[in-house]
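>>> Only the shape, not the letters, is given here:
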DNA sequence: ACCGGGATGTTCT
DNA sequence: GAACATCCCGGTG
């Protein structure tokens, strides 16, 4: 797990169905500037086949990044105050994506604590899709960034830690439609999950 | 531990 | 005008 071996995920990694990519993103590392965290919880959104997806009704000004090439970062604003981040998947034009829901902080913990001054405990830094964006400084300015570009300030890297062979799985959180699809995956037992297990 | 409500403004109907 | 891929705080047990 040395950083020497860390490498960015390639377009081919993302160019698959979001429900295949999602569990494989577990234990990869989200990097933004000098802050990083291990991905411990994700949800897949399945485009025009998925009423809960922002892409369900086709392209709009907000969701345009979802219909672009795989490996881009889709960042959206919700509830009047929160940013959330996704990795775009599958072929260009399909609108598939994986929502990044929780991280285990690695680097830049001091800056994360500053960015999330209201978080009292360490496990509150990145234990939710909007928390992790606030912790890493991700907002709408990063919508559309190519995660696979060597120059991008934000990326997802493989540092040699494999995904769990038996990830936790559940229905997605916070939806009013398509609530029965089991498209949330997480690292079982991790203290940074957005919801406690069982 | 668990639950209920308020914040806050963009997006889409 | 309603909904929203959420979070935080203060109540109660």
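Now that the structure is in, tell me what you want to look at. As the structure is a computational prediction, the values presented were derived from the model and not from experiment.
>>> List the contacts of residue A:41.
Residue A:41 makes contact with A:26, A:100, A:101, A:102, A:184, A:185, A:186, A:187, A:190, A:192, A:193, A:194, according to CB atoms under 8 Å, 6 or more residues apart in numbering. To be clear about C-beta, it is placed using only N, CA and C from the backbone, and glycine gets the same treatment.
>>> ok, the residues you listed vs residue A:148, which is closest?
residue A:100 (15.7 Å; CB to CB).
>>> Tell me how many other residues crowd the closest one.
Residue A:100 has 28 neighbouring residues, counting by other CB atoms under 10 Å.
>>> Please name every helix or strand in contact with the helix or strand hosting it.
Taking DSSP states H and E as the definition, residue A:100 sits inside strand A:96-107. If contacts are counted by 3 or more CB pairs under 8 Å, 6 or more residues apart in numbering; DSSP states H and E, strand A:96-107 sits against helix A:18-25, strand A:29-32, strand A:35-46, strand A:82-89, helix A:129-136, strand A:184-186.
>>> Return the residues in contact with the nearest residue to residue A:139 once chain neighbours are set aside.
Distances taken as CB to CB, 6 or more residues apart in numbering place residue A:83 nearest to residue A:139, at 4.9 Å, with adjacent residues excluded. Taking CB under 8 Å, 6+ apart, we find residue A:83 in contact with A:75, A:76, A:77, A:130, A:133, A:134, A:138, A:139, A:140.
>>> can you pick the most crowded of the residues you listed?
residue A:138 (25 neighbours).
>>> Once you drop chain neighbours, what's closest to that residue?
Closest to residue A:138 by CB to CB, 6+ apart is residue A:85, at 5.3 Å.
>>> Could you dump the contacts of residue A:41 into TSV with pLDDT and distance to DNA strand C added?
Below are the contacts of residue A:41 laid out as TSV (pLDDT from 0 to 100; distance: CB to the nearest atom of the strand, whole Å):
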residue	pLDDT	distance to DNA strand C
A:26	98	16
A:100	98	9
A:101	98	7
A:102	98	8
A:184	98	10
A:185	98	14
A:186	98	13
A:187	98	17
A:190	97	15
A:192	97	11
A:193	97	11
A:194	97	5
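>>> got these as TSV, with distance to DNA strand B columns?
Formatted as TSV, the contacts of residue A:41 follow (distance: CB to the nearest atom of the strand, whole Å):
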residue	distance to DNA strand B
A:26	23
A:100	20
A:101	17
A:102	17
A:184	18
A:185	21
A:186	16
A:187	19
A:190	17
A:192	16
A:193	13
A:194	13
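>>> Could you pick out the buried ones from the residues you listed?
Buried members of the contacts of residue A:41, scored by 16 or more other CB atoms under 10 Å, are A:26, A:100, A:101, A:102, A:184, A:185, A:186, A:187, A:190, A:192, A:193, A:194.
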